[in-house]
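Visitor: Could you work out the structure for the sequence below:
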Amino acid sequence: MTQDLLTQDILLNVAFAVTLTFMNVFVLLGLYGRLNKSIAKTHIQSQQAVSSLLTTLRNEIKTISMRQSTKESEKVAPAISAAQKRFEEAIALAELGVSSENIARETGLSTIDISAIVRFHSKQSLNTAPSPHPS
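Guide: Next up, the predicted model:
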């Protein structure tokens with residue numbers, strides 16, 4: 001009978017130890033699940049913060065790029081406008097029959113540019129141009 005009590009006592013101790021082990025495992029699994037949820041939540045928040053910062057950075061880069069483009073076009077526009085006006089003036093002078101030398105003096109354009117303008121826009125070149133349909 002003593003031995004039965006000892007065996008029964010050992011079985012109860014083993015059962016108690018097994019029960020405690022399972023309870024510890026369940027508690028640890030619960031904590032692990034909570035920890036995983038916390039890690040996942042922190043990860044999502046970090047991704048959202050990084051995404052927001054990247055969006056802000058992209059917008060700032062676009063703004064700077066647009067400002068730079070505007071400044072460059074403002075610098076180029078007057079130069080194009082001035083050159084365009086000189087060519088338009090040279091064409092008008094050539095159409096009036098003004099000599100190449102006088103056009104050069106008035107506009108400051110190069111000899112090559114003036115010769116092309118005179119060739120295609122002077123009254124003399126229009127009168128001496130060959131007709132498209134020979135008789």
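
Visitor: center of this structure, which residue is that?
Guide: residue 62 (6.4 Å; C-alpha atoms, centre = their mean).

Visitor: who does the helix or strand harbouring that residue touch, helix- and strand-wise?
Guide: Residue 62 belongs to helix 2-95 when assigned by DSSP states H and E. Packing partners of helix 2-95 (3 or more C-beta pairs under 8 Å, 6 or more residues apart in numbering; DSSP states H and E): helix 100-107, helix 111-121. Heads up, the C-betas are built off the backbone N, CA and C, glycines and all.

Visitor: got the angle between the last one and helix 2-95?
Guide: Using axes from the mean of the first three to the mean of the last three C-alpha atoms, to 10 degrees, the direction of helix 111-121 lies 70 degrees away from that of helix 2-95.

Visitor: got the CA positions of helix 111-121 in PDB?
Guide: In PDB, the C-alpha atoms belonging to helix 111-121 read as follows (Å, rounded to 0.1, in the frame of the first residue of the first chain):
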ATOM      1  CA  THR A 111      27.600  87.000 -92.900                       C
ATOM      2  CA  ILE A 112      26.400  83.400 -93.400                       C
ATOM      3  CA  ASP A 113      23.000  84.200 -91.800                       C
ATOM      4  CA  ILE A 114      22.600  87.400 -93.800                       C
ATOM      5  CA  SER A 115      23.500  85.800 -97.100                       C
ATOM      6  CA  ALA A 116      20.900  83.100 -96.500                       C
ATOM      7  CA  ILE A 117      18.300  85.700 -95.500                       C
ATOM      8  CA  VAL A 118      19.000  87.800 -98.600                       C
ATOM      9  CA  ARG A 119      19.000  84.800-100.800                       C
ATOM     10  CA  PHE A 120      15.500  83.700 -99.700                       C
ATOM     11  CA  HIS A 121      13.900  87.000 -98.800                       C
END
